[in-house]
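Engineer: Give the three-dimensional model of this entry:
(4 chains)
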Number of protein chains: 2
Amino acid sequence: MKSAEMRSDCPISSSLDIFGDKWSLLIVRDLMLHKSRTYGDFTKSAEKIATNILANRLQMLENNGIIIKLLYPGNKVKGLYRLTPKGVDLIPALIEIALWGGKNISNIDDGSPFLKEVKKNKTKFLKKIMDGLLQEDKTNID
Amino acid sequence: MKSAEMRSDCPISSSLDIFGDKWSLLIVRDLMLHKSRTYGDFTKSAEKIATNILANRLQMLENNGIIIKLLYPGNKVKGLYRLTPKGVDLIPALIEIALWGGKNISNIDDGSPFLKEVKKNKTKFLKKIMDGLLQEDKTNID
DNA sequence: TTTTTTTACTTGCATATTGAAAGTGATTAT
DNA sequence: ATAATCACTTTCAATATGCAAGTAAAAAAA
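Structural biologist: Residues are numbered from 1 along each chain as shown, chains lettered A, B, ... in the order given. Got it, this is the predicted structure:
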């Protein structure tokens, strides 16, 4: 399920084989910002992902060990998606992409509280957010 | 040509609107590793990009100010592609993606000289490679 | 307890993108 | 003068995307 579908043994190329599309990293972004999300939560994001694409990407991210699906406490219908350590590990890349967009795309607000905090102290911010996501207290939801 | 085709005002989403596919960042990678490339050079990379996709991506990267096309000295047919400062600015993201792949994808060599040097001192490595690409000495070709 | 709503998907279908292969026209090398 | 190189373009089949509607089970409301 791995090297057969890889275009080369370059780590960048192989990474893009997994998340090189317009949607996968947005799911990771939502889980970075909110820690856990249900299927419905994802559909409410600003980019309006189609439900068939969402289902497809959640499955592939799970297959690749980037997210896990947990049971929503006290509900047999809902699922709860979270980042695995492998998924949390994507955050530095995500942050660099966000910084690039803030700096280099016109019409993008470079001064959002989020980007401002990142730029104030990147290392500290990364540690804080990654540590927060890595401790999986299944009780606190959001 | 900008905000109309953006899915939201999120810097990550808007960045992916530009380079969120399996090929664009590989072109940037080649220009990071080699400083300048011709059309034919790109087709020789391990991932074997189709020429129609290559032409399309070079055009869109140029439209978005990430690469520039220069004249190949002493040749009226060849072109020379290079990263603009905006393109060089993508390197931190590219490096994080490479590090993620090296660490998290099986069958990928995590101990290549390139990744080893990055990990030894990321800041230093970034500065070195970005500075090198930013000084555009149009004479030295590689 | 019946009805309605919520939730997480799946299905169908039109459109867009990708990929492989072959073609083109202008240099450039022989 | 001829052949080879180079940078694309074109064609067409295969795949992916996007939208809208449908479904089945559980949960909440009446």
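
Engineer: can you give me the helices in chain A?
Structural biologist: In chain A, helices defined by DSSP state H lie at A:11-19, A:24-34, A:39-43, A:51-63, A:85-88, A:91-104, A:113-120, A:122-134, listed in chain order.

Engineer: any idea of the angle the last one forms with helix A:24-34?
Structural biologist: This points to helix A:122-134. With axes from the mean of the first three to the mean of the last three C-alpha atoms, to 10 degrees as the criterion, the two stretches helix A:122-134 and helix A:24-34 enclose an angle of 90 degrees.

Engineer: Now helix A:122-134: buried residues?
Structural biologist: By neighbour count with 16 or more other C-beta atoms under 10 Å in any protein chain shown, helix A:122-134 contains the buried residues A:125, A:129-130, A:133. Backbone N, C-alpha and C define where each C-beta goes, glycine included.

Engineer: any idea of the mean pLDDT in it?
Structural biologist: If you average the pLDDT over helix A:122-134, you get 96.

Engineer: what's that helix in contact with?
Structural biologist: Under the contact criterion C-beta atoms under 8 Å, 6 or more residues apart in numbering or on different chains, helix A:122-134 has outside partners A:31-32, A:35, A:82-83, A:85, A:88, A:91-92, A:95, A:117-118.

Engineer: Lowest-confidence member of those residues, which is it?
Structural biologist: On pLDDT alone, A:K35 ranks lowest of the contacts of helix A:122-134, at 92.

Engineer: Against A:I49, how distant is that one?
Structural biologist: Computed as C-beta to C-beta, to the nearest Å, the A:K35 to A:I49 distance reads 19 Å.

Engineer: just to revisit the earlier point, and of the helices of chain A, who's closest to A:K78?
Structural biologist: With C-beta to C-beta as the measure, helix A:39-43 is the member of the helices of chain A nearest A:K78 (7.7 Å).

Engineer: Can you name every helix or strand that that closest one contacts?
Structural biologist: If you count contacts as 3 or more C-beta pairs under 8 Å, 6 or more residues apart in numbering or on different chains; DSSP states H and E, helix A:39-43 packs onto helix A:24-34, helix A:51-63, strand A:79-83.

Engineer: if we can go back for a sec, show me which of the contacts of helix A:122-134 are buried.
Structural biologist: With neighbours counted by 16+ other C-beta under 10 Å, those contain buried members at A:31-32, A:35, A:82-83, A:88, A:91-92, A:95, A:118.

Engineer: Format these as JSON lines; extra columns: distance to DNA strand C.
Structural biologist: Written out in JSON lines, the entries for the buried ones among the contacts of helix A:122-134 read as follows (distance: C-beta to the nearest atom of the strand, whole Å):
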{"residue": "A:L31", "distance to DNA strand C": "14"}
{"residue": "A:M32", "distance to DNA strand C": "19"}
{"residue": "A:K35", "distance to DNA strand C": "15"}
{"residue": "A:R82", "distance to DNA strand C": "13"}
{"residue": "A:L83", "distance to DNA strand C": "16"}
{"residue": "A:V88", "distance to DNA strand C": "21"}
{"residue": "A:I91", "distance to DNA strand C": "23"}
{"residue": "A:P92", "distance to DNA strand C": "25"}
{"residue": "A:I95", "distance to DNA strand C": "25"}
{"residue": "A:V118", "distance to DNA strand C": "29"}
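
Engineer: among those, which two are most distant?
Structural biologist: Distances among the buried ones among the contacts of helix A:122-134 were taken as C-beta to C-beta; the most separated pair is A:R82 and A:V118, at 21.8 Å.

Engineer: Grab the nearest non-local neighbour of the residue positioned nearest the centre of chain A.
Structural biologist: Nearest to the centroid of the C-alpha atoms of chain A, with distances taken as C-alpha atoms, centre = their mean, sits A:V28, at 0.9 Å. Distances taken as C-beta to C-beta, 6 or more residues apart in numbering or on different chains put A:L90 closest to A:V28, at 5.5 Å, once the chain neighbours are dropped.

Engineer: For the nearest residue to A:T38 once chain neighbours are set aside, give me phi and psi.
Structural biologist: On the basis of C-beta to C-beta, 6+ apart, the spatially nearest residue to A:T38 that is not a chain neighbour turns out to be A:K78, at 5.2 Å. Here is the backbone geometry of A:K78 (degrees, to the nearest 10): phi -70, psi 150.
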